[in-house]
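Engineer: Below: sequence and its predicted model.
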Amino acid sequence: MARMLRRLRKGFQSLTSFSAATIQPNLSASESSRSEVALLSFFSPKPRDFSLPNSSWGSEMMRLYDHYNSQCEAETEGGQTQGSPWQRLPSYNRSLKYAPGGVYLSKIVQSKARLFTRNIREPGAAFEYALFVNKGEKKCVCIFQAGWLLEGPPGHVHGGAIATMIDTVTGTHATFLSGPIMTANLNIAYRSPIPLGSTVLIESSLDTQEGRKTFISCKVMSTDGSKLHTEATVLFVSINVSHLVRGG
Ligand SMILES: CCCCC/C=C\C/C=C\C/C=C\C/C=C\CCCC(=O)SCCNC(=O)CCNC(=O)[C@H](O)C(C)(C)COP(=O)(O)OP(=O)(O)OC[C@H]1O[C@@H](n2cnc3c(N)ncnc32)[C@H](O)[C@@H]1OP(=O)(O)O
């Protein structure tokens, strides 16, 4: 138990860096990035990155993915990264897999557990999204395509699914900024419904960091920026990993 705790703590300590090794190299063409998903074989020790394009992504998702991805750090031949404030964040079906050795650890610790947003196998059925973080501006952008299993009001996205995405985007952003955190408070104002199947932009920006508290604001908007769908403010509190192991 103590050994597992030490390994977990070490893993989570490295989360803030989201090291270049965990960031996929810049992919310019839609087709090549789609085929990369297919190439991740069952035999690869690398976990599947769910934020890479798949066949369910519509033209707006692909356009925005290419737009943000083209602004991301590109790896040079020497394995160095070129200076760009943008990084695409990988997304696995268990947060534990972010930590070094986490792929193996995730097979031991509650091996059936899966990240809520990444637990439906059928591409396009539920949460399709990719996150890009801007280190300089301390902001994060997510492109999100809402699938048919997320219906709330007929033809529109369920408010709980929207809240889930806001928590996911701001929670990932807060982890990037402050290390291991938990959501303490989430305030949401739903301004206009999101059509099912549509693609929207979710923008997260840091308000303040005060001791253990990280305050973040978030907006969900149409991709042309003309319509505000949802806005939120979120408080995250930094935790020790032992908080999770003890069960809170
Ligand atoms: C979860 C770990 C994340 C790891 C991520 C790993 C990889 C990241 C990469 C990708 C991640 C992928 C997906 C991420 C997706 C989503 C992230 C979502 C995270 C969640 O979805 S997580 C589930 C819901 N979440 C809970 O299940 C929390 C239950 N809760 C507690 O576990 C405790 O309650 C806790 C820890 C919050 C605080 O407890 P505590 O004992 O450590 O600290 P304490 O109470 O002393 O508060 C310290 C200061 O915060 C102020 N404060 C506290 N709570 C407040 C509130 N509600 N409103 C206003 N202020 C509040 C106090 O007033 C004090 O302020 P002051 O210092 O000024 O007095």
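Structural biologist: Structure's in. What do you need?
Engineer: By residue count, which helix of the protein is the longest?
Structural biologist: Secondary structure of the chain per DSSP state H: the longest helix is helix 159-178.
Engineer: Show the subsequent helix or strand relative to that helix.
Structural biologist: strand 181-190 (DSSP states H and E).
Engineer: Measure how that next one sits relative to helix 159-178, angle-wise.
Structural biologist: With axes from the mean of the first three to the mean of the last three Cα atoms, to 10 degrees defining the directions, strand 181-190 sits at 140 degrees from helix 159-178.
Engineer: Buried residues in strand 181-190, which are they?
Structural biologist: Across strand 181-190, burial judged by 16 or more other Cβ atoms under 10 Å covers Ile181, Leu186, Ile188. (Glycine included, C-beta is placed from N, CA and C.)
Engineer: Spatially, which residue comes closest to the first one, not counting chain neighbours?
Structural biologist: Which is Ile181. Phe236 (4.0 Å; Cβ to Cβ, 6 or more residues apart in numbering).
Engineer: Check which element follows the helix or strand harbouring that neighbour along the chain.
Structural biologist: Following DSSP H and E, one finds Phe236 within strand 228-238. Using DSSP H and E, the helix or strand that follows strand 228-238 in sequence is helix 241-245.
Engineer: Please export the C-alpha coordinates of that following helix as PDB.
Structural biologist: Extracted in PDB, the C-alpha atoms of helix 241-245 (Å, rounded to 0.1, in the frame of the first residue of the first chain):
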ATOM      1  CA  VAL A 241      -2.800  12.200  -3.900                       C
ATOM      2  CA  SER A 242      -3.300  10.500  -0.500                       C
ATOM      3  CA  HIS A 243      -6.700  12.400  -0.400                       C
ATOM      4  CA  LEU A 244      -7.800  10.200  -3.300                       C
ATOM      5  CA  VAL A 245      -6.300   7.000  -1.900                       C
END
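Engineer: So which elements touch it?
Structural biologist: helix 2-13 (3 or more Cβ pairs under 8 Å, 6 or more residues apart in numbering; DSSP states H and E).
Engineer: Quick one: mean pLDDT for the helix it packs on?
Structural biologist: Average pLDDT, helix 2-13: 54.
Engineer: can you pull up the bridge partners for the spatially most central residue of the chain?
Structural biologist: The chain has Leu131 as the residue nearest its centroid, 5.0 Å off, counting by Cα atoms, centre = their mean. As for beta bridges, Leu131 partners with Leu89, Cys142 under DSSP bridges.
Engineer: Show me what the longest helix of the chain is packed against.
Structural biologist: strand 127-134, strand 139-146, strand 181-190, strand 199-210, strand 213-222, strand 228-238.
Engineer: Could you give the average pLDDT over the first one?
Structural biologist: The one in question is strand 127-134. Mean predicted confidence for strand 127-134 is 97.
Engineer: Distance from the chain centre to it, please.
Structural biologist: Distance of strand 127-134 from its chain centroid, counting by Cα atoms, centre = their mean, to the nearest Å, is 5 Å.
Engineer: can you list the residues that contact stretch 147-166?
Structural biologist: 56, 116-117, 120, 124-129, 142, 144, 146, 186, 188, 190, 193-197, 202, 218, 220, 229-230, 232, 234 (Cβ atoms under 8 Å, 6 or more residues apart in numbering).
Engineer: Among these, name the buried ones.
Structural biologist: Buried members of the contacts of stretch 147-166, scored by 16+ other Cβ under 10 Å, are 117, 124, 126-129, 142, 144, 146, 186, 188, 194, 196-197, 202, 218, 220, 229-230, 232, 234.
Engineer: still on that earlier bit, and the pLDDT at the residue nearest to Ile181?
Structural biologist: Phe236 carries a pLDDT value of 98.
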